[in-house]
Each structure stands twice: as structure tokens, then as C-alpha cells.
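Okay, sequence plus prediction incoming.
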There are 2 protein chains.
Amino acid sequence: MTRILYELCGADETALFSPHCWKARMALLHKGLDFETKAIGFATVAQIEGGGRRVPVLRDADHVVEDSFAIAKYLDEAYPNAPTLVPDAALMEFIINWSQVSLHVAVAKIAVLDIWKMLAPTDQEHFRTTREKMFGMTLEEFNAKNAKDGKLLSEALTPLVLTLKKQPYLGGESPNFADYVPFGALQWLRTTSSHDVLPKEGPVAEWFNRLLDMYDGNGRAVAAAA
Amino acid sequence: MTRILYELCGADETALFSPHCWKARMALLHKGLDFETKAIGFATVAQIEGGGRRVPVLRDADHVVEDSFAIAKYLDEAYPNAPTLVPDAALMEFIINWSQVSLHVAVAKIAVLDIWKMLAPTDQEHFRTTREKMFGMTLEEFNAKNAKDGKLLSEALTPLVLTLKKQPYLGGESPNFADYVPFGALQWLRTTSSHDVLPKEGPVAEWFNRLLDMYDGNGRAVAAAA
């Protein structure tokens, strides 16, 4: 196999939690392409494919592509006969930015202590130091303050809820990369957080469950956090 | 002229401020189509084209279309040789919902008292009663509490800022309906609010100014609130 997806993992190599890596994984599944996964901890990301890279990284024979959006666009170019991932790159850029500044911020607030717990010991110290500096408090204090507050998440999901009331996927009748972007954020939450804040019913819950079941349940095969 | 756009106005008929009407107006300009405008106060909306309608309403010869997104899609169908407004209807639905729940909420908080002041006396009472019931306080109290707070607006604009750092328009190299949607919200703010909270520099300010100048400065021709 010459197609390899480098993905971030926790201390347990099957614990694939990175939202950006999930976007890339769903993109490969969408295209119906076989691939081998290499699960990488934070500390060894620097050694991937010559170094200086950030996950996800895709090696596809002679091509090395980094960043989930770049991977999706590369796959559309390289495999034009498989279903399209990015029908409109300009609007996709907006979807990615919206997810980053709304969903990712909400998930990070809920899950940051749980993410720290999942990391390999070699990754934990760096993760804790950088986040505590950013927050101006310990991870435990930050968690006590923010983790149970699902309000930010539910506000962030509102435009997605309204859209999924009108159509089954952000991509329309079937999913595309626009769906995998917020899916990645919610899968990040599902695989890391012990706080039970994912929507349980309604359009987003139904959409998320359909995407977890898609591609032989690839998304559901990774365990939810306990 | 058999092409008529019914648009909402204040006591002054040239005060076109409705965000939804601006989306439709920009859509017609984008297509290069001539049209006559009929400015309508809230109280007479019920009389447009047989009644039971909400502005904007477009009459195009025998066709009557209501709702700015429906108008944009109709124009793409009816005038396929003019530049496309909606290249991806599924993602456009999301853009519209995002604008509605983030930008519109932020603008309404800032501008509601100013909007009331602009209305014809016949429209003012209904507007005040419905809003005060919704807010649980007088318009003046609501204004004192919210109007100078530009934080909600600047947070709501963040995904737009990030996207416009990478490309000149949401539509990509040139604008399309995805641009006219948030443009409508900011034009609503510009034409109604006495509070000076629109971005003055950076990607959004530059993008907004380019859109105001486009189509012979049609957007700029309507006076900004004093």
C-alpha cells in the first residue's frame, strides 16, 4: 500500500481524535480509496515525511499533501471520477473558517482536560504548559469553569441545525467535504469528552449518526469517550 | 417596465434599509437587469401583488417571486447567460442561515431603536409593541443596554474576516449571492444605525466598500445613517 494517512492519536493508538485528521479520513472514504493509517502522537509529528509538517499528512504514491482541505482538493484533482468532495472551493473556505472559530472553540472548552488525559505521557507536559499559558489557569480550573457549559456549543451549531432542517446534508442530498468539516469537530468531542453534551435528538443528532454509520461505520468504530 | 422589485422603506421612501431587500437588489444588479423599485412601508406590505407576501417581492413579467434566495435562484434559471448567483444552492443555504443567526442578531441589537425612528408613524406602533414584548423592556432600555456593544458583531464577523484574508469575495475572485447575503446585513446596519460600529479597516471593511461601489455605487447611493 502506497497510500498512507498520518493521523494524530492518544496514548492508545486506536484513539483517533483529531478533527482535522477526521476530515481527511472521511475525504478518503468518500472517494472510496483504500489507505493505511499511521497513528502518530504529538511528539513524533515532527518526524513525518521529512519533518516540518502538521497532521493530517497524506502520502499517495509520489505525492505528499498536508492539511485536510488541501488533501480534499488534491483527491478531487487526482481522482476526478470518484464523487466530488469540493464542488465550490470558495464557499468551502468559509465553512472551514466558520467551523474553526465556532465549533472548535466550543469543543475545546468542553474537552481540553479530557484530551490531556488521553495523551501519551511524552505529549502531556507540552500540551498542559501551552494551554495553561493560553488560559491563564490550570487545565483543571479551566475544565471546572467551562466543561459542562453546552450553551456555547449549541449556539455554535445553530446555523447547521437550520440548514439540516431543509436538506439532509450540508452538501445537499448527499454529503461532501462541507459535512466532514463539522463532523470532524463533533467526532473530536465524541472521542474525547466525558461530558455528555452532544445533541441527542433533532437534525444535527440524526445527521451525525448517519455520518458515523457511513462507510461501514468507520466513524463509529473509534470508541466514544467514557 | 415589467420588472418590479418591492422593497421595504422607512418614512423617507429613499431610505431602503431591509437586509433581505438588499440581497435581492444586489442579485438583480449582478445579473445586469433593469428594474423599477417600489418602496413599501411595513403597513402596506400586505397589499403587494395580491397580498399575503413578505418583501422582497419581484415581479418579472408574468412571474412573481418572494424571498431573496428564491429570487436569486429564479434569476439564475430565467437568465442563465448572465453571471451565476448561486453556484451551490446547498452551501448557500448554510451561508444564509449563518448570516441570519449571527450577523442579523448582532445588527438588530445595535440598530433596533434607530430602525424604529426611521419608520413611518403608521409603522412605528406595531414595530415598538412587537419588539418590546420580545425583549421584555422598552426599545430605549434595550438600546441603552446593547447598542454600543460592537463585540457581538465583531465576533459574528470572524469567519468572514478569515475567509476574506484568503480571497477577495466569499464567491472567490468575484462576488456572488454568498457575498450579497452578509452585505445585506452590513448595509442594514450602515443605513439605520447612528452607532459607529462598522469595521473601518481590514478585509471586511475593504470588501464592504468594494461592494458599495459596485454597480455604479448603487449601494452607496442610499444614505448612511447620521
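Yep, it's here.

Ends of stretch A:41-51, what's the gap?
With Cα to Cα, to the nearest Å applied, stretch A:41-51 spans 14 Å between its terminal residues.

just how off-centre is the one helix or strand A:Tyr180 maps to within its chain?
Using DSSP states H and E, A:Tyr180 falls within helix A:177-192. Chain-centre distance of helix A:177-192: 5 Å, with Cα atoms, centre = their mean, to the nearest Å.

okay, that helix in CSV with CA atoms only?
Only the C-alpha atoms of helix A:177-192 are listed here, as CSV (Å, rounded to 0.1, in the frame of the first residue of the first chain):
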residue,chain,number,x,y,z
PHE,A,177,-16.4,17.9,2.4
ALA,A,178,-18.7,20.6,3.8
ASP,A,179,-20.2,17.9,6.0
TYR,A,180,-16.9,16.3,7.0
VAL,A,181,-15.7,19.6,8.4
PRO,A,182,-18.3,20.0,11.2
PHE,A,183,-18.4,16.2,11.5
GLY,A,184,-14.7,16.3,12.4
ALA,A,185,-15.4,18.8,15.2
LEU,A,186,-18.2,16.6,16.7
GLN,A,187,-16.2,13.4,16.3
TRP,A,188,-13.4,15.2,18.2
LEU,A,189,-15.9,15.9,21.0
ARG,A,190,-17.4,12.3,20.9
THR,A,191,-14.0,10.6,21.1
THR,A,192,-12.5,12.8,23.8
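
and it, what other elements does it pack with?
Judged by 3 or more Cβ pairs under 8 Å, 6 or more residues apart in numbering or on different chains; DSSP states H and E, helix A:177-192 is in contact with helix A:19-30, helix A:68-78, helix A:89-98, helix A:104-118, helix A:203-221, helix B:89-98. Where you see a C-beta, it was placed from the backbone N, CA and C, and this is true even at glycine.

For A:Thr192, which of those is the nearest?
helix A:104-118 (4.5 Å; Cβ to Cβ).

that older thread, tell me the most buried of the helices and strands packed on helix A:177-192?
Mean neighbour count, computed with mean count of other Cβ atoms under 10 Å in any protein chain shown, is highest for helix A:19-30 among those, reaching a mean of 25.

now check it, is it near chain B?
No. In terms of Cβ under 8 Å from any Cβ of the partner chain, no part of helix A:19-30 sits within range of chain B; the closest distance is 15.3 Å.

Pull the residues that contact that helix.
For helix A:19-30, the external contacting residues (Cβ atoms under 8 Å, 6 or more residues apart in numbering or on different chains) are A:3, A:5, A:7-8, A:16, A:35, A:37, A:55-56, A:58, A:67-69, A:71-72, A:75, A:82-83, A:85, A:104, A:107, A:175-177, A:180-181, A:183-185, A:187-188, A:211, A:214-215, A:218-219.

which helices and strands does the next helix or strand after that helix pack with?
Per DSSP H and E, helix A:19-30 leads on to strand A:36-40 as the next helix or strand towards the C-terminus. Of the remaining helices and strands, those touching strand A:36-40 by 3+ Cβ pairs under 8 Å, 6+ apart are strand A:3-8.

Show me which residues of the strand it packs on are buried.
Residues of strand A:3-8 classed as buried: A:4-8 (neighbour count, 16 or more other Cβ atoms under 10 Å in any protein chain shown).

ok, so of these, who is nearest chain B?
Distance to chain B, by Cβ to the nearest Cβ, is smallest for A:Leu8 among the buried residues of strand A:3-8, at 22.7 Å.

Do you know the pLDDT at the residue nearest to the closest one when sequence neighbours are not counted?
Excluding the flanking residues, the one nearest A:Leu8 by Cβ to Cβ, 6 or more residues apart in numbering or on different chains is A:Ser18, at 3.9 Å. You'll see A:Ser18 listed with a pLDDT of 94.

Correct me if wrong: A:Ser18 contacts A:Thr191.
No. Taking contacts as Cβ atoms under 8 Å, A:Ser18 lies outside contact range of A:Thr191: 9.2 Å.

and stretch A:164-181, average pLDDT?
For stretch A:164-181, mean pLDDT rounds to 98.

tell me which residues in that stretch are buried?
Using 16+ other Cβ under 10 Å as the test for burial, stretch A:164-181 gives A:164, A:167-172, A:175-181.

Now tabulate those in CSV and tack on distance to A:Phe127.
What follows is these, written out as CSV (distance: Cβ to Cβ, whole Å):
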residue, distance to A:Phe127
A:Leu164, 33
A:Gln167, 38
A:Pro168, 37
A:Tyr169, 34
A:Leu170, 31
A:Gly171, 34
A:Gly172, 38
A:Pro175, 31
A:Asn176, 32
A:Phe177, 28
A:Ala178, 30
A:Asp179, 29
A:Tyr180, 25
A:Val181, 24
